[in-house]
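Enquirer: Here's my sequence, what's the structure:
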Amino acid sequence: MITASGGAWNVSIVAEYAHLKGHVYSTVGIGAMISAATDAKNFNLLLASTIALAAVVVTTNRLLWRRLYRLAEVASSSKAKSAPVLDSPCSEARGYWELQGLPLPNPPTC
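Expert: Got it, this is the predicted structure:
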């Protein structure tokens, strides 16, 4: 999820500024600002906008993705703890049906 959203964001940044058949097409955004600063050789603006972009990425990773990752870890570890112990053929059959959330059709006699 993180990689996919990062890739999509990179594409949207690149698409903010384009040269096509002698025309410059741009929108308002950090990608357009970085590309325009590069074209104009305005290295102060290029540095400032690149630092701003890096700050947004780091902040998003720390505030959003790290919290979602921890939430997913907690959710997956609680599922693993609730799984039945399968130590015999009878418990294996019982465990399968319990994991599916279904009642036992014919309770095994062990």
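Enquirer: what about the helix or strand hosting residue 73, average pLDDT?
Expert: Assessed by DSSP states H and E, residue 73 sits inside helix 66-81. Average pLDDT, helix 66-81: 76.
Enquirer: so what's residue 14 up against?
Expert: Counting by CB atoms under 8 Å, 6 or more residues apart in numbering, residue 14 makes contact with residue 31. (Each C-beta comes from the backbone N, C-alpha and C, glycine too.)
Enquirer: could you check the distance from it over to residue 28?
Expert: Look at residue 14 and residue 28: by CB to CB, to the nearest Å, they are 15 Å apart.
Enquirer: that older thread, who touches the helix holding residue 73?
Expert: residue 1.
Enquirer: just checking, what packs against the longest helix along the chain?
Expert: For the chain, the helix with the greatest residue count under DSSP state H is helix 43-60. Packing contacts for helix 43-60, counted by 3 or more CB pairs under 8 Å, 6 or more residues apart in numbering; DSSP states H and E, involve helix 30-39.
Enquirer: angle of the helix it packs on against helix 43-60?
Expert: Here helix 30-39 runs at an angle of 150 degrees relative to helix 43-60 (axes from the mean of the first three to the mean of the last three CA atoms, to 10 degrees).
Enquirer: What mean pLDDT does helix 30-39 get?
Expert: Averaged over helix 30-39, pLDDT sits at 91.
Enquirer: So which other helices or strands are in contact with that helix?
Expert: Here helix 30-39 touches helix 2-14, strand 17-20, strand 23-26, helix 43-60, going by 3+ CB pairs under 8 Å, 6+ apart.
Enquirer: so that helix versus helix 2-14, what angle?
Expert: Using the same axes, to 10 degrees: helix 30-39 against helix 2-14 is 50 degrees.
Enquirer: Counting neighbours, which bits of helix 30-39 end up buried?
Expert: 31-37 (16 or more other CB atoms under 10 Å).
Enquirer: Show me what that helix is in contact with.
Expert: If you take CB under 8 Å, 6+ apart as the criterion, helix 30-39 is touched by 12-17, 24, 26, 42-43, 45-46, 49-50, 52-53, 56.
Enquirer: Let's see that with 7 Å instead.
Expert: Here helix 30-39 makes contact (CB atoms under 7 Å, 6 or more residues apart in numbering) with 13-14, 16-17, 26, 45-46, 49-50, 52-53.
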